[in-house]
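Student: output the structure for:
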Amino acid sequence: MGLTIAGCSSNSSRQSTQLSKFSHASSVSEIASMYGPIKNERFPIPAVPLKQVSSKYYRQQISYKTKEKVGTVIVDTKNFYAYLVQENGKAMRYGVGLGRAGFEWSGRANIAWKRKWPTWTPPSEMIKRQPELEKYSAANGGMEPGLANPLGARALYIFKNGKDTLYRLHGTSEAFSIGKAVSSGCVRFLNQDIIDLYRRVPSNSTIVVI
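Tutor: Alright, predicted model coming up:
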């Protein structure tokens, strides 16, 4: 998961212009509230700088036809979307960013674990490429939770046939990376979005990556 963290503050007038381009049912105030600061977290989360995110990636409920059962998470790696299948032909859609690991695995599996403010342990292959990450290895206890942690506010851990795929759905502070392929990591959501998904989807739910 990438270690660089965005540190940009938003300009209110430009952010309002971005919001005004949002053509779906949600109002400007609803979008601003949805991506506003979250203060009652272990680590308070700042507002998303929405000027860095295309409005098509804002969280929204849409009509969605699928044969997958309610509660299934579908990750569309071609279009940078994740869907949570809901009742009555609906789905909650989230914009995501993808790293190398996000493209390396596809198929069906299950969400085995859910963690709030997880620690992060880089895989051995990453440590070989970036020896400076050795201090965050499993042997050293990983990186402590926090806004600088590459897994962000929440992480969903994907297992197949009881084995860890090393595939993760997780939060990020890097708003600019949503809708893009970034250098490392799996499937990254805005922290506000991964918190929303975390509370909606139960453990052991099916995930389909296409």
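
Student: which residue, neighbours along the chain excluded, lies closest to residue 71?
Tutor: Distance criterion CB to CB, 6 or more residues apart in numbering; nearest residue to residue 71, sequence neighbours excluded, is residue 205 at 5.0 Å. In this view, the C-beta of every residue, glycine as well, is placed from N, C-alpha and C.

Student: I'd like the distance between the one you found and residue 83.
Tutor: Remark: distance between residue 205 and residue 83 (CB to CB, to the nearest Å) = 12 Å.

Student: and the residue nearest the centre of the chain, which of the three is it?
Tutor: In the chain, the centroid-proximal residue (CA atoms, centre = their mean) is residue 189; its distance is 1.9 Å. Look at residue 189: counting by DSSP: H, G, I helix; E, B strand; the rest coil, its state is strand.

Student: got a list of what it touches?
Tutor: For residue 189, the contact set (CB atoms under 8 Å, 6 or more residues apart in numbering) comprises 82, 94, 95, 96, 152, 169, 170, 171, 172, 178, 197.

Student: next step: those residues restricted to strands.
Tutor: Counting by DSSP state E, the part of the contacts of residue 189 found in strands is 82, 94, 95, 169, 170, 171, 172.

Student: in TSV, list these along with pLDDT and distance to residue 41.
Tutor: Listed next are the ones in strands among the contacts of residue 189 as TSV, based on pLDDT from 0 to 100; distance: CB to CB, whole Å:
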residue	pLDDT	distance to residue 41
82	98	21
94	98	19
95	98	21
169	97	18
170	97	15
171	98	11
172	97	15
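
Student: show me the shaky parts of this protein.
Tutor: Residue ranges of the chain with pLDDT under 70: 1-26.

Student: which residues in it form strands?
Tutor: Using DSSP E, strands in the chain cover 60-63, 73-76, 81-85, 90-95, 97-98, 107-116, 154-160, 163-172, 187-190, 206-209.

Student: out of those strands, which gets nearest to residue 139?
Tutor: Closest approach to residue 139 among the strands of the chain (CB to CB): strand 163-172, 17.3 Å.

Student: run through the neighbouring helices and strands of that closest one.
Tutor: Using 3 or more CB pairs under 8 Å, 6 or more residues apart in numbering; DSSP states H and E, the elements in contact with strand 163-172 are helix 100-104, strand 107-116, strand 154-160, strand 187-190, helix 191-200.

Student: which of the ones you listed has the highest mean neighbour count?
Tutor: strand 187-190 (a mean of 29; mean count of other CB atoms under 10 Å).

Student: partners of it in the sheet?
Tutor: Under the criterion DSSP bridges, strand 187-190 sits next to strand 97-98 (antiparallel), strand 163-172 (parallel) in its sheet.

Student: so which of these comes closest to residue 63?
Tutor: Nearest of those to residue 63, taken as CB to CB: strand 163-172 at 23.0 Å.

Student: shared neighbours, residue 205 and residue 83?
Tutor: Common neighbours of residue 205 and residue 83 (CB under 8 Å, 6+ apart) are residue 73.

Student: who's in contact with residue 95?
Tutor: For residue 95, the contact set (CB under 8 Å, 6+ apart) comprises 53-54, 56-59, 80-81, 178-179, 189-190, 193.

Student: show me which of the residues you listed is closest to residue 162.
Tutor: Nearest to residue 162, judged by CB to CB, of the contacts of residue 95 is residue 189 at 25.5 Å.
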